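K.L.:
quick one, fold the following:
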Amino acid sequence: MSKKVVVKKPEVSTGESIAKPVNYGIIKRFQIFVFALYQFANNGLVSGRTGGDVKMRNGRSRKMTVPSLVRNAYTQAARGLLATLSSMWNTLSLGEIASWNNYILTASNRFGVKITIKGKAAFVRINTNLTLIGNSPNILPTLGTTVESVELDSVTAVADTSISLNYTAVTSPSVGLIYATKSFSVGVSRPSQAAFRLIAIHDFTIASPVSIFAEYMRKFGTCPSGARIFVQVRNIDNAGGLSSPVTQIDFVVP
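P.N.:
A predicted model of the protein is given here:
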């Protein structure tokens, strides 16, 4: 009697990777749903990191890169101030912390959308402003109204000789912070915010103009003819540390 030979059929691949989790399909659909919901909630303007890509609201994307750690006098001073104020926050009483938690500071994010800041973030922001204009930090928040912005009219400059800022004087007691960039080529029209450096403080209740040449040269060392320079100003309330919206002007050195 002959023995029947049974041939085992090869298993048919389902096309799924054994490395995928059991609920991979559900997870994938959930990610697509979240992405669609996020896109709908932001009027189709998506931003943020997705995997190795960074999505921008202008519809473009770029590869995710880790920014280099910049170490210079400006960034070290900023980190030192942040560390000091963070340590000061830890010494506040429960009542003082509660006051900052109940305090609401309105600001704008990088997209120009209004956001509210309170608690430690408000404490650090307000007292950073006060420290920059030479005032002592506030232990308790000081209620205040909006701060008057500085209207920048024009800039008069001579290469490596003078830079004067012309503006409309404000009426409320405050101190202005003046920021500037290094010299760019004429083709640059929108430098990054990181390019601005604090060069001077000024009382904008005093009639214009104000010379910022010495402060600019001390920071950047040169003011060549044909270069484009950007200047920003924000006004800080003396008592409460509130900041006005930033005003900006640029000019080409003759």
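
K.L.:
could you export the longest strand belonging to the chain as PDB, CA atoms only?
P.N.:
The strand that spans the most residues within the chain, counting by DSSP state E, is strand 228-237. This file holds the C-alpha atoms of strand 228-237, laid out as PDB (Å, rounded to 0.1, in the frame of the first residue of the first chain):
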ATOM      1  CA  ARG A 228      20.200  98.200   4.800                       C
ATOM      2  CA  ILE A 229      19.700  98.400   8.500                       C
ATOM      3  CA  PHE A 230      16.500  97.600  10.500                       C
ATOM      4  CA  VAL A 231      15.400  99.200  13.700                       C
ATOM      5  CA  GLN A 232      12.700  98.200  16.100                       C
ATOM      6  CA  VAL A 233      11.300 100.000  19.200                       C
ATOM      7  CA  ARG A 234       9.000  98.900  21.900                       C
ATOM      8  CA  ASN A 235       7.800 101.100  24.900                       C
ATOM      9  CA  ILE A 236       7.800  99.700  28.400                       C
ATOM     10  CA  ASP A 237       5.600 101.000  31.200                       C
END
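
K.L.:
show me what the helix or strand following it is packed up against.
P.N.:
Counting by DSSP states H and E, the next helix or strand C-terminal to strand 228-237 is strand 247-252. On a contact count with 3 or more CB pairs under 8 Å, 6 or more residues apart in numbering; DSSP states H and E, strand 247-252 meets strand 151-158, strand 228-237. Just so you know, the C-beta spots here come from the backbone N, C-alpha and C atoms, and that holds for glycine as well.

K.L.:
to residue 116, which of these lies closest?
P.N.:
Judged by CB to CB, the one of the helices and strands packed on strand 247-252 that comes nearest to residue 116 is strand 228-237, at 18.3 Å.

K.L.:
re the thing from before, off-centre distance for the longest strand of the chain?
P.N.:
Counting by CA atoms, centre = their mean, to the nearest Å, strand 228-237 is centred 15 Å from the centre of its parent chain.

K.L.:
returning to what we had before: looking at the helices and strands packed on strand 247-252, which is buried most?
P.N.:
The highest average neighbour count among these, using mean count of other CB atoms under 10 Å, belongs to strand 228-237 at a mean of 21.

K.L.:
that one to strand 151-158, inter-axis angle?
P.N.:
Counting by axes from the mean of the first three to the mean of the last three CA atoms, to 10 degrees, strand 228-237 lies at 140 degrees to strand 151-158.

K.L.:
any idea how many residues pack against residue 197?
P.N.:
Using other CB atoms under 10 Å, residue 197 is surrounded by 15 other residues.

K.L.:
what do you get for the one 5 residues further on?
P.N.:
Applying other CB under 10 Å, we find 21 other residues in the vicinity of residue 202.

K.L.:
what sits opposite it in the beta ladder?
P.N.:
Beta bridges link residue 202 to residue 176 when assigned by DSSP bridges.

K.L.:
what segments of this structure are strands?
P.N.:
48-50, 53-55, 61-63, 105-108, 114-117, 151-158, 162-168, 174-180, 197-202, 210-211, 228-237, 247-252.

K.L.:
what mean pLDDT does the longest one get?
P.N.:
Okay, so that is strand 228-237. Averaged across strand 228-237, the pLDDT comes to 95.

K.L.:
helices and strands around that strand, which ones?
P.N.:
helix 120-132, strand 151-158, strand 162-168, strand 174-180, strand 247-252.

K.L.:
in the shortest one, which residues are buried?
P.N.:
I take that to be strand 247-252. 247, 249-251 (16 or more other CB atoms under 10 Å).

K.L.:
from residue 252, how far out is residue 187?
P.N.:
Residue 187 is 11 Å from residue 252, where distance means CB to CB, to the nearest Å.

K.L.:
same thing with residue 75?
P.N.:
Distance, residue 75 to residue 252, by CB to CB: 28 Å.

K.L.:
what does residue 179 give?
P.N.:
18 Å.
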